[in-house]
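1. The amino acid sequence is not available; the structure is as follows:
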């Protein structure tokens, strides 16, 4: 009897170990990283710089500048929103180039009433057309900030703030805390303010240098998984050598008739389309996409178009399925090994992204100003397209095994969902496709057999 129990106990132990092993294998294949760190823009961030330019009887005047040091992630309309918490009982007497969204309770002040008395003010940019006596340099763009690579001259936004009931020297001033940045929604995490060397300013004639009384910086970094619960774009593929069109994976950005978000898509042939688009029942920032199998606001299509003796040609089409969004200053980042031999580009701007020395396989593409830098909302005009001409490298070029398709694609800084590699259009004589599709199950079965044999 004892031998029977010991045998059963051993079998249960083995089964339990095997179950945990299978769970481990599944977890390795299903868990994903948060991707707060961007390998293609390792130093990209938004830096908020406070420069105290003068002292006042009860505080100071500071110029606050938001610098976008991200290569390809910009802030589009309705723009940035900056918040913080005062360290003491500070108030904002006045502002230029920006304004707080709420004044707060200023009832204890008589005569001269502050601009804002809230402990945790929230500041937004002023709109274009603001009177000149309320402006400062780099203000009043509706909170829109371009990316560093796309438009360095417009990659910053500033406002001036006069702070009262604060310290009046470097030793008595207390830096604000709990900074938040929305651009325009969530996604950014801001660190604490750090006092740095005072900023130096050069006069317009380059003959005099002045400096701030005190300077502190706040650094904010972006995470796509904090910005939205689901992806916002997907990739489809096709080629001249195969009739198969590989669509975006099903439910890439959500599924139709989702109980979590009903009414989030609309049929383009619906008679109620116009009323659904203009409906005020939802936030104007909430996406209303065309009902598709992928449910993404943006689809990027990569078509291998032509093959020449020394060159090959690709057509890229970006389609907007969002009825509530015009994408201004959009950009596309594509990773492919042949970008080191890009010969010609039609109707898009191009910049090579080389964060690592000796590696030139990533390109940033964006529209030509006043021509196609605006990606219109879903509809007949809701697409932009271009063609790319690559020179072949005899050592690496091939149409086999999906080599001609991109490794990674992102739109406005957010990664797009790619089709699985074994679904790529293959050459008609390709015979390795089924082997790749069976590779994962074979490895899992072999690993399981080895594990059982070792515990036998």
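-> Everything's here; your move. This is a predicted model, so every value here is computed, not measured.
2. so who does residue 215 touch?
-> With C-beta atoms under 8 Å, 6 or more residues apart in numbering as the criterion, the residues that contact residue 215 are 49, 50, 51, 52, 195, 196, 197, 198, 199. From N, CA and C alone the C-beta is placed, and that goes for glycine too.
3. now do 10 Å
-> By C-beta atoms under 10 Å, 6 or more residues apart in numbering, residue 215 lies in contact with 49-53, 62, 194-200.
4. Quick one: distance of the host helix or strand of it to the chain centre.
-> When elements are assigned from DSSP states H and E, residue 215 belongs to strand 214-222. The chain centre lies 19 Å from the centre of strand 214-222; the measure is C-alpha atoms, centre = their mean, to the nearest Å.
5. Need the buried ones from the contacts of residue 215 selected in ChimeraX.
-> The following ChimeraX selection, which keeps only the buried ones among the contacts of residue 215, applies the criterion 16 or more other C-beta atoms under 10 Å:
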select :49,50,51,52,53,62,198,199
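6. rewinding a little: the strand holding residue 215 pairs with which strands, and in what direction?
-> Looking at strand 214-222 with DSSP bridges, its paired strands and their directions are strand 46-56 (antiparallel), strand 188-190 (antiparallel), strand 194-196 (antiparallel).
7. Could you identify the helix or strand that succeeds the longest one?
-> Same thing as strand 46-56. With DSSP H and E, the next secondary element past strand 46-56 is strand 59-68.
8. As a check, name the ranges of all strands in the stretch 201-350 of the chain.
-> With strands called from DSSP state E, counting those that start in this stretch, the stretch 201-350 of the chain shows them at 209-211, 214-222, 233-239, 242-246, 265-266, 289-290, 298-307, 311-320, 327-328, 331-335, 342-345, 348-353.
9. Show me what the helix or strand that the last one is followed by pairs with in its sheet, parallel or antiparallel.
-> The helix or strand immediately downstream of strand 348-353 is strand 362-367, counting by DSSP H and E. With DSSP bridges as the criterion, the sheet partners recorded for strand 362-367 are strand 331-335 (antiparallel), strand 348-353 (antiparallel).
10. Tell me the gap between strand 362-367 and the middle of its chain.
-> 15 Å.
11. Kindly calculate the angle that that strand makes with strand 311-320.
-> When axes from the mean of the first three to the mean of the last three C-alpha atoms, to 10 degrees is applied, the directions of strand 362-367 and strand 311-320 differ by 60 degrees.
12. My understanding was that residue 71 contacts residue 147; is that so?
-> Yes - because the distance of 6.2 Å satisfies C-beta atoms under 10 Å, residue 71 is recorded as touching residue 147.
13. Return every residue with contacts to both of the two.
-> Here residue 71 and residue 147 share the contacting residues 41, 44, 331, 364, 413, scored by C-beta under 10 Å, 6+ apart.
14. Out of those residues, which two sit at the greatest distance?
-> Using C-beta to C-beta, the shared contacts of residue 71 and residue 147 span at most 13.1 Å, a distance reached by 44 and 331.
15. out of the two, which sits in the busier spot?
-> Residue environment comparison for residue 44 versus residue 331 gives the larger neighbour count to residue 331, 25 against 21, counting by other C-beta atoms under 10 Å.
16. Who are the contact partners of that one?
-> Contact partners of residue 331, counting by C-beta under 10 Å, 6+ apart, are 71-74, 146-147, 149-150, 348-349, 351, 364-367, 373, 410-413.
17. I'd like to know how many residues surround the nearest residue to it once chain neighbours are set aside.
-> In this structure, residue 331 finds its nearest non-sequential neighbour in residue 366, 4.1 Å apart by C-beta to C-beta, 6 or more residues apart in numbering. When counting by other C-beta under 10 Å, one arrives at 25 neighbours for residue 366.
18. And the strands of the stretch 201-350 of the chain: which comes nearest residue 106?
-> Shortest separation from residue 106 across these is recorded for strand 214-222, at 26.1 Å, computed as C-beta to C-beta.
19. Averaged pLDDT, the closest one. What do you get?
-> Here the mean pLDDT over strand 214-222 is 96, rounded to a whole number.
20. Can you get me a residue count around the nearest residue to residue 320 once chain neighbours are set aside?
-> Nearest residue to residue 320, sequence neighbours excluded (C-beta to C-beta, 6+ apart): residue 382, at 4.0 Å. The burial count assigned to residue 382 is 20, neighbours taken as other C-beta under 10 Å.
21. got a list of what residue 382 touches?
-> Residue 382 makes contact with 290, 298, 318-323, 325-327, 375-376, according to C-beta under 10 Å, 6+ apart.
22. Also residue 245?
-> Contacts for residue 245 were tallied using C-beta under 10 Å, 6+ apart; they are 236, 237, 238, 239, 301, 303, 425.
23. Can you check what pLDDT the model gives it?
-> The predicted local confidence for residue 245 comes out at a pLDDT of 94.
24. Please point out which parts of stretch 318-333 sit buried.
-> Neighbour-count burial for stretch 318-333 [16+ other C-beta under 10 Å]: 318-325, 327, 329-333.
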